Structures are given as structure tokens and as C-alpha cells.
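Peer 1: Have a look; sequence and predicted model below, questions after that.
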Amino acid sequence: MRILIIEDEKKTAAFLKQGLSENGFVVDVAENGMDGLFLAGSQSFDLFILDVGLPKLDGWQVLSTLRSQGVTTPALFLTARDLVSDRVKGLELGADDYLVKPFAFSELLARVRTLLRRGLSRPVEHLAIADLEIDLPRHKVSRAGQRIDLTTQEFTLLVLLLRRQGEVLSRTIIAEQVWDMNFDSDTNVVDVAIRRLRRKIDDPFEHKLIHTIRGTGYVLEPR
Ligand code: CA
């Protein structure tokens, strides 16, 4: 099990690294948000432990960037702040747990073990492309941080496009997957649904994500 600690206080980082290593974890340390983001994006980890107050990029910025890139690795925040609003903010940005400094190492270890167990069996809950994010269990969609309300059908269509991002999907495939029906004779219904979805997730934004492939179907990708 490999853990990335992003913490600028050298003493805390060293203490955590030693304790976790003694408990059998492989530990890497980044001392600022930029290095942490780089390491997290270029190597594979089972858990992130992030300090909130970090130079260059704070812990929240690091995690929200990783989540928007589709990185679902569990994240535990360490913070000196104990405000409910901070806690809520952290959880909304995709933190899995929160520990207020100062904390006992045994408490941290227990939380780490719980997160790692959960992480192994946890289904994908967040999907993202560019600045568009979907929270599957809560049926929440947002783009550039703005909440977007979708009907159940629009939501299902978007999840299909996102799960198969970069792949051109024919109208027939979309009709089968979203409506569970065969629309061979009238795939116009797909075009209408795509138009409605575009109005919500693409029209208000500069960079379009849904693209029409003439004579074939549709693809969701950043261009
Ligand atoms: Ca700090």
C-alpha cells in the first residue's frame, strides 16, 4: 500500500512518514501543492494525506484538481482549522475524511486503515471530464463549479457519454442504452435528447464537450 503525504511542515511530514513506514506502508512526501499534484498525477497511490494550508496550491485546490482529472484515490485532509464550513467544503471537494491537528498517530492510523478498506471495494462514484463533474450517488452534475439540473433521462444519457468518453456512439447504441429500447426506425429521439443536454452542459460554456460525428453519432471529449 502506497501513501502520498502532501504536507509542508517538515516535522509533521517526517513523523507521519516514519509512523506509516513502521506500519508497513510505502510513503512518499511532497512539501508543496504543486509537487503533490505532480506526484499524484504521475504515479499511482492508494491514499492521499493532504494538509489544507500548503504553499503554491492549497490542499483543497490540489484535491479538486485531482478529482476533476478523474483520480478517485481516497483522500484524508489534515487541518488546523476546525470550522464546520471548512469540513463541509473539504467533503464537497471530494475529501473522504478529515482530521484536525493536533491528532494522535493511532487515530490517524485507524482512519487510514478504514479508508483503504473502503477504497478497495468502493465503486466509482465520481465521473469527470474537463470541468464537468458527476456525483453518481447523489445524482449531482456540475460544470466549472456550477450546479446543473438534469432530468433522469438527461442524467442517464450524460453518464453513458461520460463512461465512454472519447468513443463515438451511434444513435442506435445510445437509444438502446438510455431508453432500453430499439429506436432503429426513429433515432430522432436521440438527437432531441442530445440537443436538450447540450443546452444545459455546453451552451453556457466556452469549450464544448459533446460533438456530432456526421452520419455516425456523438462523442463526448474535450477539444
Ligand atoms: Ca501547512
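Peer 2: Noted; the coordinates are in hand.

Peer 1: Tell me the predicted confidence for Leu150.
Peer 2: For Leu150, the pLDDT comes out at 94.

Peer 1: What's the separation between it and the ion?
Peer 2: Counting by C-beta to the ion, to the nearest Å, the gap from Leu150 to the ion is 38 Å. Glycine gets a C-beta too; all of them are placed from N, C-alpha and C.

Peer 1: In this structure that residue contacts Arg198, no?
Peer 2: No: at 11.8 Å, Leu150 does not count as touching Arg198 under the criterion of C-beta atoms under 8 Å.

Peer 1: Look at those two and report which has more neighbours.
Peer 2: Leu150 (19 against 15; other C-beta atoms under 10 Å).

Peer 1: Just the element for the residue nearest to Leu162 when sequence neighbours are not counted, please.
Peer 2: Nearest non-adjacent residue to Leu162, counting by C-beta to C-beta, 6 or more residues apart in numbering: Leu127, 4.7 Å away. Assigned by DSSP states H and E, Leu127 falls within strand 126-129.

Peer 1: Show me what secondary structure element comes after that strand.
Peer 2: strand 132-135.

Peer 1: Can you pull out the low-pLDDT segments for the chain?
Peer 2: Scanning the chain with the threshold set as pLDDT under 70 gives 81-84, 88, 119-124, 180-187.

Peer 1: which bits of it sit near the ion?
Peer 2: By C-beta under 5 Å from the ion, the residues of the chain that approach the ion are Asp8, Asp51, Gly53.

Peer 1: Could you export those residues to TSV, including columns for neighbour count, secondary structure and distance to Trp179?
Peer 2: Below are those laid out as TSV (neighbours: other C-beta atoms under 10 Å; DSSP: H, G, I helix; E, B strand; the rest coil; distance: C-beta to C-beta, whole Å):
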residue	neighbour count	secondary structure	distance to Trp179
Asp8	19	coil	52
Asp51	24	strand	47
Gly53	15	coil	49
